[in-house]
Every structure is written in C-alpha cells, then in structure tokens.
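Engineer: Give me the fold of what follows.
(one chain, ligands or ions: 1)
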Amino acid sequence: MAENKRVSLRLAHVSKSFEKIETDEVTHALNEINLTMESGEFISLVGPSGCGKSTILRLVAGLIQPTTGKLTVDGKTITEPSPERGMVFQKPTLFPWLTVWDNIAFSLRMQGRLKGNKDKVERMIKVIGLEKFRNDYPGQLSGGMAQRVALVRSLINEPDILLLDEPLGALDAFTRMNMQDEILKIWQEKEQLAIMVTHDVDEAIYMGTRVIVLDANPGRVVADIQIKEPFPRDRSSDTFVQYRNEILNRLHFAGRG
Ligand SMILES: Nc1ncnc2c1ncn2[C@@H]1O[C@H](COP(=O)(O)OP(=O)(O)OP(=O)(O)O)[C@@H](O)[C@H]1O
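Structural biologist: Model prediction:
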C-alpha cells in the first residue's frame with residue numbers, strides 16, 4: 001500500500017454552540033479547544049456524556065463548522081468533508097442491498113478507481129477474516145462482522161486522518177479486543193493520524209499514544225496525557241494500571257463539574 005501523506009491537524013480556539021430554535025436554549029458543546037495532532041499519533045478522546053467528543057470528530061470530518069475558531073490541516077482550513085478524513089460510526093452504516101465485497105469496493109467504484117484496485121478489496125476482506133462472507137449481504141452478518149466491514153470500507157480510501165466514533169461500542173468483549181488489535185495493526189502500517197472516541201478507559205490506554213480527557217458544560221480539555229508504553233500493551237502491567245488510575249481520577253473530577 002502507498003505511504004500516507006504526513007499531516008498536522010490544528011484546532012485553534014475552537015468553540016461550538018448549538019441553538020434550539022424552539023426554546024432559544026444554547027448548548028456550549030465546545031469552548032476554546034486548542035489542540036495539535038500529527039500523523040503517527042493515535043488519539044483517544046474520553047469524557048462524560050455530552051462533553052463534545054463526537055462534536056470534535058464531526059468538526060474534523062467537516063460535517064459541521066465551528067461557531068468560532070478554526071480547524072486546519074497543514075494550515076488549510078477544513079470547510080467540507082473529504083476522503084482524506086474518513087469516519088467510522090458506532091453503528092455500521094452499510095448498504096443493505098450490496099454484498100460485503102461491493103460495500104467495501106463502493107467508494108473505489110464511485111471514484112472510478114475500482115479497476116486496478118480489486119486486489120485492495122481482497123486484501124481488506126482478508127484483514128478482517130471475512131473471505132467466506134464476501135458474497136453475503138449486511139443482513140446476514142453478525143454485529144461484529146458488519147462493524148469490521150464498515151471499518152475497512154473507510155480504511156480502503158487510505159484517509160490521512162481516521163475518525164473513529166466509538167467504533168467498537170456495540171461489540172462483545174472478545175470481538176472488541178480482536179478489533180482493537182486489527183485497528184492498531186492497520187494504523188501502525190499506515191502511520192496515519194487516528195482519533196477515536198471511546199467510553200472505555202482501558203481501550204483508550206490500550207490503543208492510544210495520547211489520551212485527551214474532556215469535561216462538559218462547556219466542553220473543554222482537562223487533561224492531555226501521553227501514553228509512553230510500547231505496543232502491544234499489557235493491560236495488567238503496573239504502568240498501565242497507573243495510567244488507568246490517573247485517567248479515572250481526571251474523569252472523576254470532570255464528572256463532578
Ligand atoms: N445537532 C445538535 N443540535 C443541538 N445540540 C447538539 C447537537 N449535536 C450535539 N449537541 C449537544 O452538544 C453537546 C455535545 O454533544 P456530543 O455528541 O459531542 O457529546 P459526546 O461527548 O460525544 O456525548 P456522548 O458521550 O453521550 O456521545 C451535547 O449537550 C449535545 O446535546
């Protein structure tokens with residue numbers, strides 16, 4: 001596979017408010033977020049419900065615009081979605097009328113790039129171990145299988161920035177751990193910038209090179225912790241437990257508002 005372009009993502013003084021038209025009520029989803037993230041980093045975003053984690057991903061994806069402040073990739077303002085920033089949602093969003101193979105191949109076909117790239121589709125199917133299911137439809141797959149398809153469907157575009165919104169939230173513990181390793185394998189190979197929202201502190205530490213803790217009302221960063229452990233991480237090591245305690249502590253204080 002081709003090397004990804006190295007990028008630098010910057011959020012400068014980013015705030016985002018949502019206004020309810022019926023009640024004039026304003027939610028300050030994010031307030032004054034200042035962050036710089038680089039290719040090769042795996043960023044885990046954790047924090048209490050409503051602290052703006054998904055809003056950060058949607059801003060980076062270009063699905064919404066900040067109320068004030070700026071998001072830039074290599075100095076260029078993000079104004080709209082781009083295949084260079086791929087998003088994977090918690091609920092797998094597959095086309096029910098297309099087979100596994102066609103779902104994965106969809107974006108290549110739309111861009112007229114499928115011819116000559118069919119081996120890429122094959123490789124992705126192999127990575128997720130669904131060779132025998134290539135001709136099945138999403139309705140015939142388990143939740144974990146569908147999520148794997150959704151993941152590689154996004155990865156096939158080789159995005160410079162991979163946005164993961166609780167991609168493993170709906171999976172059972174065993175599938176979830178396997179998927180964590182699969183995502184890490186692909187990320188390590190591509191050295192892209194990955195930003196993942198998770199509610200699971202162990203997952204955040206197991207996968208992240210950096211864990212960012214947010215608090216709500218208004219959404220803001222309360223801790224930015226580098227995880228300096230080599231991969232693969234040992235969930236029961238002393239250092240891992242120390243990181244877990246530190247992050248749980250921050251979350252506890254965050255939760256108290
Ligand atoms: N389109 C919208 N319209 C109005 N309010 C919104 C909208 N999107 C998000 N919000 C509000 O902004 C705040 C942050 O939402 P967001 O989904 O980013 O939080 P989160 O940290 O991802 O939460 P959770 O962990 O529960 O998924 C919440 O109070 C939410 O209700």
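Engineer: Could you use CA atoms for every contact and neighbour count after this?
Structural biologist: OK.
Engineer: tell me the phi and psi of the spatially closest residue to Thr79 that is not a sequence neighbour?
Structural biologist: Spatially, and ignoring its direct neighbours in sequence, Thr79 is nearest to Gly62 (5.8 Å; CA to CA, 6 or more residues apart in numbering). Summarising the backbone geometry of Gly62 under the convention degrees, to the nearest 10, its torsions are phi 90, psi 10.
Engineer: What separation is there between Gly62 and the ligand?
Structural biologist: Distance check for Gly62 against the ligand: by CA to the nearest ligand atom, to the nearest Å, it reads 14 Å.
Engineer: Next one: that residue from Ser82, what distance?
Structural biologist: 8 Å (CA to CA, to the nearest Å).
Engineer: And Asn245, by the same measure?
Structural biologist: 38 Å.
Engineer: for Ile212, same thing?
Structural biologist: Ile212 is 24 Å from Ser82, where distance means CA to CA.
Engineer: quick one: Tyr41 and Met207 touch, right?
Structural biologist: Rather than Tyr, residue 41 is Glu. No - with contacts counted by CA atoms under 8 Å, Glu41 stays clear of Met207, the gap being 10.2 Å.
Engineer: Next one: the nearest residue in space to Pro159 that is not next to it in sequence, what pLDDT does it get?
Structural biologist: The shortest distance from Pro159 to any residue that is not its chain neighbour, by CA to CA, 6+ apart, is 4.3 Å, and that residue is Glu84. Glu84 carries a pLDDT score of 91 in this model.
Engineer: which bits of this structure sit near the ligand?
Structural biologist: Taking CA under 6 Å from any ligand atom as the measure of proximity, the chain contacts the ligand at Phe18, Thr27, Ala29, Pro48, Ser49, Gly50, Cys51, Gly52, Lys53, Ser54, Thr55.
Engineer: quick one: which of those residues sit in helices?
Structural biologist: By the criterion of DSSP state H, membership of the residues of the chain next to the ligand in helices covers Lys53, Ser54, Thr55.
Engineer: Strands of this structure, start to end?
Structural biologist: Counting by DSSP state E, the chain has strands at residues 8-19, 26-38, 42-46, 68-73, 76-77, 85-88, 161-165, 193-197, 210-215, 220-226.
Engineer: Return the residues in contact with the residue nearest the centre of the chain.
Structural biologist: The structure's the chain has its C-alpha centroid closest to Leu164; by CA atoms, centre = their mean the separation is 1.7 Å. By CA atoms under 8 Å, 6 or more residues apart in numbering, the residues touching Leu164 are Leu57, Met87, Val88, Phe89, Ala194, Ile195, Met196, Val197.
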